[in-house]
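Enquirer: Here is a sequence with its predicted model. Questions after.
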Amino acid sequence: MMPIRIALFALALCATGLAHAQDKPKKTKAQTRVLLYKEQLAQQFDTVKSVKNVFKLNPLIFFRGEVPLYYERALTPKLSLEVGLGFTARNYLALSWVGDDADEYGAGTKILYNPSYHIGARFYFADDIEPAGVYINPEFAHLVYSKLIREKNPDGSLSERQRLDERTYNDVRVMLGYQSLGYSSNWVLDFYGGLGFRNRDNIVVKEKHIINADPEPDEYLYDDVRENKNVIAFFLGVRIGVGF
C-alpha cells in the first residue's frame, strides 16, 4: 500500500511540474505576440505608404474672426505634431463670456489683419499607422484682433482722428476630439471640443455720447481702457481637410 501512495504522490508532482512548464511558454508567446505587433506596427509606420500629413481648414471659426490653416504631421503611431498659421479678421459673434465683441460695420471702423499662431501635440488613444481616432490635444494659441475707430465730431460726423482698439489673447487649450479618414479618399473630418485658459490683454476704446441742450452741441468723449484678465474659454467645432 505504501509503494502505491508514493507512486501516486510522485505522479502528482510530475503533473504539477508539467502544467507549470506548459504555462510559461504561453505567457512568453503572449508577450512575444505583443512585441511583434508593436515592432510590425512601427515597421509599417516607416515603410507602408499611408496618410502622415494633413492640411485642414476650420470654416466655422471664420465667424469668430480667424482664418487659420492647420498642418498635422504624424510622428509615431500615437503621436503627431500640429501647427496652425492664419490671420485674424472681422469678428461677427459677440461672445461676452470669453470677452469677444462683435465688430461694428460702417465707415467709422477699420479692421486690421494680424497673424495668428497655433502649436500643439496630439496623443491618439489607439495605435494606428495613420492619424485617426480619438485623441487629446494640448495646444498654445496666440491671437491679436485690431481695429481703428474714428472719433466723431459734435455733429455726429466722422473726424480724421483715430484710436486703436486691440484685443490680444494667449491661450493654453486642451481639446478632446475624433479624427476620421475617408475609406476611399483622403478627406479628413476632425471633430473637437474643449476648454482653454485665456490671458486677455485688451485696449478697449470707450465712447461716451453727451447730449446737451440746444444751442450747445453734443459731445463725444473717448477713453482707452486697458484690461488684463485671465478667463476660461470654451471651444467646439469641426475641421475639414485632406491627407497625403
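Expert: In hand now; what should we look at?
Enquirer: can we go C-alpha only for contacts and neighbour counts from here?
Expert: Will do.
Enquirer: Might you report the residue contacts of N114?
Expert: Going by CA atoms under 8 Å, 6 or more residues apart in numbering, N114 touches 87-89, 143-146.
Enquirer: Could you rerun that using 6 Å?
Expert: Applying CA atoms under 6 Å, 6 or more residues apart in numbering to N114 gives the contacts 87-88.
Enquirer: what sits opposite it in the beta ladder?
Expert: With DSSP bridges applied, N114 shows beta-bridge pairing to T88.
Enquirer: And for H142?
Expert: Under the criterion used (DSSP bridges), H142 bridges to Y117, N170.
Enquirer: So for it, what's the pLDDT?
Expert: In this model, H142 is scored at 98, pLDDT.
Enquirer: which element is the closest residue to P59 other than its chain neighbours on?
Expert: Using CA to CA, 6 or more residues apart in numbering and skipping the chain neighbours, the partner closest in space to P59 is R239 (7.1 Å). Per DSSP states H and E, R239 falls inside strand 219-243.
Enquirer: same question, S184
Expert: Applying DSSP H and E, one finds S184 in no helix or strand.
Enquirer: ok, which stretches of the protein are strands?
Expert: For the chain, applying DSSP state E gives strands covering 53-57, 66-74, 79-88, 109-112, 114-124, 133-152, 158-181, 187-210, 219-243.
Enquirer: Make JSON lines out of those and add distance to D100.
Expert: Formatted as JSON lines, the strands of the chain follow (distance: least, CA to CA, whole Å):
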{"stretch": "strand 53-57", "distance to D100": "22"}
{"stretch": "strand 66-74", "distance to D100": "12"}
{"stretch": "strand 79-88", "distance to D100": "13"}
{"stretch": "strand 109-112", "distance to D100": "15"}
{"stretch": "strand 114-124", "distance to D100": "16"}
{"stretch": "strand 133-152", "distance to D100": "10"}
{"stretch": "strand 158-181", "distance to D100": "9"}
{"stretch": "strand 187-210", "distance to D100": "10"}
{"stretch": "strand 219-243", "distance to D100": "10"}
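Enquirer: Which one of these lies nearest to L95?
Expert: When those are compared by CA to CA, strand 219-243 sits nearest L95, at 10.0 Å.
Enquirer: Please identify the buried residues of stretch 54-65?
Expert: 54-58, 61-62, 64-65 (16 or more other CA atoms under 10 Å).
Enquirer: Tell me the helices and strands packed up against the strand holding R239.
Expert: Secondary-structure packing of strand 219-243 (3 or more CA pairs under 6 Å, 6 or more residues apart in numbering; DSSP states H and E): strand 53-57, strand 187-210.
Enquirer: just the ones you listed: most buried one?
Expert: Most buried of the helices and strands packed on strand 219-243, by mean neighbour count (mean count of other CA atoms under 10 Å): strand 53-57, with a mean of 20.
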